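*Asks:* What follows is a protein structure lacking sequence information:
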């Protein structure tokens, strides 16, 4: 998928913080998948970041603050994704429905914003994940491999489906 194709499919229900407008972003990815599990069950896997490496191959070295079991309001954690060691901070947290976090190199300004939006569909859950990247690193990634972020999120959704439907 190209960024232009993802922009055409993006969700209008996402709450974007200032500076992270998909229409002016240097990088954007939109992915969605219907998962045959309740949004509560899907949510439990999304917020349990310490277990991501067990089922999502693009997450490693997740370090939550001491005493933190799952992501919550204002949680800040470090992890490796797409081969980069980053820090993330939760900005939006609505249980079983919305999760949004900033991503950045430790000690720098946020350069990415990742969202999860869960919508019940009967006994299933529509999972939407959109991400915006701004700045030179995002622009470089778009030039080097425009669909990398989209493919990585396809994998995340596929493995989220697997773990949510199988457990």
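*Replies:* On my side now, so go ahead. Treat the numbers as computed from the prediction; the structure is a model and nothing was measured.
*Asks:* From what I see, residue 133 and residue 141 are in contact.
*Replies:* Yes. Taking contacts as CB atoms under 8 Å, residue 133 lies within contact range of residue 141: 6.7 Å. Glycine gets a C-beta too; all of them are placed from N, C-alpha and C.
*Asks:* in the protein, which spans are strands?
*Replies:* All strands of the chain, identified by DSSP state E, fall at 27-35, 59-63, 76-81, 84-94, 98-104, 112-121, 124-133.
*Asks:* Just list the residues touching the closest residue to residue 25 other than its chain neighbours, thanks.
*Replies:* The shortest distance from residue 25 to any non-neighbouring residue, by CB to CB, 6 or more residues apart in numbering, is to residue 132 (4.4 Å). If you count contacts by CB atoms under 8 Å, 6 or more residues apart in numbering, residue 132 has them with 16, 20-22, 25, 27-28, 112-113.
*Asks:* same deal with residue 68?
*Replies:* 75, 77.
*Asks:* Could you do residue 152 as well?
*Replies:* With CB under 8 Å, 6+ apart, residue 152 has these contacts: 29, 58, 81-82.
*Asks:* Quick check: closest non-adjacent residue to residue 87.
*Replies:* Nearest to residue 87 is residue 106, by CB to CB, 6+ apart, at 4.6 Å.
*Asks:* actually residue 22, not the one I typed
*Replies:* The shortest distance from residue 22 to any non-neighbouring residue, by CB to CB, 6+ apart, is to residue 28 (4.8 Å).
*Asks:* So what sits opposite the one you found in the bridge?
*Replies:* Applying DSSP bridges to residue 28 yields these beta-bridge partners: residue 132.
*Asks:* number of nearby residues for it?
*Replies:* Here the number of neighbours of residue 28 (other CB atoms under 10 Å) works out to 24.
*Asks:* so where's this structure shaky on pLDDT?
*Replies:* 167 (pLDDT under 70).
*Asks:* ok, now which ones touch the most centrally placed residue in the chain?
*Replies:* Closest residue to the average C-alpha location of the chain: residue 114 at 4.2 Å, with CA atoms, centre = their mean. Contact partners of residue 114, counting by CB under 8 Å, 6+ apart, are 88, 100-101, 103, 129-131.
*Asks:* Looking at these, point me to the pair that's furthest apart.
*Replies:* Maximum pairwise distance in the contacts of residue 114, criterion CB to CB, is 15.4 Å, between 88 and 130.
*Asks:* So between those two, which is more surrounded?
*Replies:* Legend: neighbour count by other CB under 10 Å for residue 88 and residue 130, higher for residue 130 (26 against 22).
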